[in-house]
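Student: Below are the sequence and a predicted model for it; my questions follow.
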Amino acid sequence: MEGGFGFPLGGDPEDLMRGLREFAEKQTEAMQESQREQFATLTLSTAVELTAAAIGQMRVDGPSDAQALALRDAMRVLFPEAVALVSAARQGFMRQS
């Protein structure tokens, strides 16, 4: 006879416990992977938003060549910071896996 979750009723209690443990482990792994993916997405999104916000705060004057040079200079500072944020998050994932 089968129970509501596919577990045999009246079967060996050790088999039932083993099945429950395996089910719980699979659910835990799936949840952890989902959380890692959500954290990665949030980290990347945050890095992009912070970079865009910093560039959006810039007020550059002068001819277009001077403006382009100012934006490139800003990106030389901002981009490594964004990469560092993503790298730190990635290293955290590697330790959790």
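Tutor: Structure's in. What do you need?
Student: Show me what secondary structure element comes after the longest helix belonging to the chain.
Tutor: With secondary structure taken from DSSP state H, the chain has its longest helix at helix 13-56. Sequence-wise, the next helix or strand downstream of helix 13-56 (DSSP states H and E) is helix 64-96.
Student: Counting by contacts, list what that next one packs against.
Tutor: helix 13-56 (3 or more C-beta pairs under 8 Å, 6 or more residues apart in numbering; DSSP states H and E). C-beta coordinates here come from the backbone N, C-alpha and C atoms, glycine included.
Student: how far off helix 64-96 does the helix it packs on point, in degrees?
Tutor: Angle, helix 13-56 to helix 64-96, by axes from the mean of the first three to the mean of the last three C-alpha atoms, to 10 degrees: 160 degrees.
Student: what's the pLDDT at the residue positioned nearest the centre of the chain?
Tutor: Centroid-nearest residue in the chain, with C-alpha atoms, centre = their mean: residue 40, separated by 1.4 Å. For residue 40, the model assigns a pLDDT of 77.
Student: ditto for residue 97
Tutor: We note a pLDDT of 54 for residue 97 in this prediction.
Student: Same question for residue 51.
Tutor: 82.
Student: how close does it sit to residue 72?
Tutor: Separation of residue 51 from residue 72 (C-beta to C-beta, to the nearest Å) stands at 14 Å.
Student: And these two? Which one has more around it.
Tutor: residue 51 (18 against 9; other C-beta atoms under 10 Å).
Student: thinking again about what came up before, touching, the residue nearest to the centre of the chain and residue 88? I think so.
Tutor: No - contact between residue 40 and residue 88 fails when scored by C-beta atoms under 8 Å: they sit 11.9 Å apart.
Student: which regions of this structure sit below the pLDDT cut-off?
Tutor: Along the chain, segments meeting pLDDT under 70 span 1-11, 92-97.
Student: if we go to 50?
Tutor: 1-3 (pLDDT under 50).
Student: List the contacts of the spatially closest residue to residue 67 that is not a sequence neighbour.
Tutor: Using C-beta to C-beta, 6 or more residues apart in numbering and skipping the chain neighbours, the partner closest in space to residue 67 is residue 60 (4.3 Å). With contact taken as C-beta atoms under 8 Å, 6 or more residues apart in numbering, residue 60 is in contact with 66, 67, 70, 71.
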